[in-house]
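J.: below are the sequence and a predicted model; questions follow.
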Amino acid sequence: GSFGKTTTMRAISAALDYPEEKLTERNSLSHVAMSLLRIKPGTKYVVLEVGIEKQGQMGPYASLIRPDIVVVTSIGSEHNRSMGDLETTRTEKAEMVRALKPNGTAILNGDDSHVLWMKPEIKGATICAGFQHHNEVRLLEYNLDWPRGSRVKIDMHGVTLQLHTRFIGAHFGFSIIAALVVAKLNNINLKSAIDRVAQLEPTNQRLNTVKLANGAYLIRDAFKSAPETIHSMLEIIEQIDAKNKFLVLGDISE
């Protein structure tokens, strides 16, 4: 995806009880190959984040990885300078889901029309997740519990799951859903998976909170600055009940 990849990777890792120290945010070029070369024979799970910078990159990554499960988080404007538009970006990123075997599974953000566009491209099974009613796995409720995190309620094929997460931002609901779906596909105990995901700290500089010495809270979201990430931050600030709120913006990256 264009956004939420690292948080989703970390949430899946927690759900599978896969050691976080084995993860890397370096997600392109030779780093993809290096991640594969580090896999030891007999390893049960491998969780990889894959990113691109231009056209023609995702296909070779997909042929190297040969994934069993692919999670697609979003298609955003992050690549507009190199790709030109969202249609080109989604076509390029769809190379990873095209690489799935017939017995593979794609977990798609069903609230993102550009991600949903990939569904006919997939040979294997698809599971769509998100807020909207057409999704098989739905985020029923998201409530900010400032500054502790958020309360989330999920409907997974008729079973209601609830958890308190340390993430803030409704868009991270998909990261949580994807992690629990991956856990279920791998026959992991869902209660244990929920407990591990609930304990996960936000990814550094991706909407993580820092309490200052004077009692004020700083929300850090400095890793990227595409318009979509700014809109997410504005939605969160709107929900926070505070006497004074200050927003500091740097450059917009795209």
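T.: On my side now, so go ahead. As the structure is a prediction and not an experimental result, all values here were calculated from the model.
J.: from now on I want contacts and neighbour counts done on CA atoms only, so please keep to that.
T.: Fine.
J.: I'd like to know how many residues surround the nearest residue to residue 9 once chain neighbours are set aside.
T.: Nearest residue to residue 9 in three dimensions, chain neighbours excluded: residue 49, at 6.3 Å (Cα to Cα, 6 or more residues apart in numbering). Counted by other Cα atoms under 10 Å, the residues lying close to residue 49 total 20.
J.: how much space between residue 49 and residue 93?
T.: Distance of residue 49 to residue 93, given as Cα to Cα, to the nearest Å: 13 Å.
J.: again with residue 155
T.: To residue 93, residue 155 is 28 Å away according to Cα to Cα.
J.: okay, those two: which has more neighbours?
T.: Per other Cα under 10 Å, whichever of residue 155 and residue 93 has more neighbours is residue 93, with 25 against 18.
J.: so where do the helices sit in the stretch 51-200 of the chain?
T.: In the stretch 51-200 of the chain, the segments counted as helices under DSSP state H, counting those that start in this stretch are 58-65, 80-83, 86-93, 95-98, 113-116, 173-185, 190-198.
J.: buried stuff in the longest one?
T.: Counting neighbours by 16 or more other Cα atoms under 10 Å, one finds that the buried residues in helix 173-185 are 173-184.
J.: and if you look at the second one?
T.: Burial within helix 80-83, assessed by neighbour count using 16+ other Cα under 10 Å, is assigned to residue 83.
J.: now swap in the first one and tell me
T.: When burial is assessed from 16+ other Cα under 10 Å, helix 58-65 yields the following buried residues: 58-59, 61-62, 65.
J.: columns distance to residue 225 on top of those, output as a markdown table?
T.: Below are those laid out as a markdown table (distance: Cα to Cα, whole Å):
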| residue | distance to residue 225 |
| --- | --- |
| 58 | 23 |
| 59 | 27 |
| 61 | 26 |
| 62 | 27 |
| 65 | 29 |
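J.: ok, what's across the strand from residue 108?
T.: Beta-bridge partners of residue 108, counted by DSSP bridges, are residue 72, residue 128.
J.: tally up the residues packed near it, please.
T.: With other Cα under 10 Å as criterion, residue 108 counts 27.
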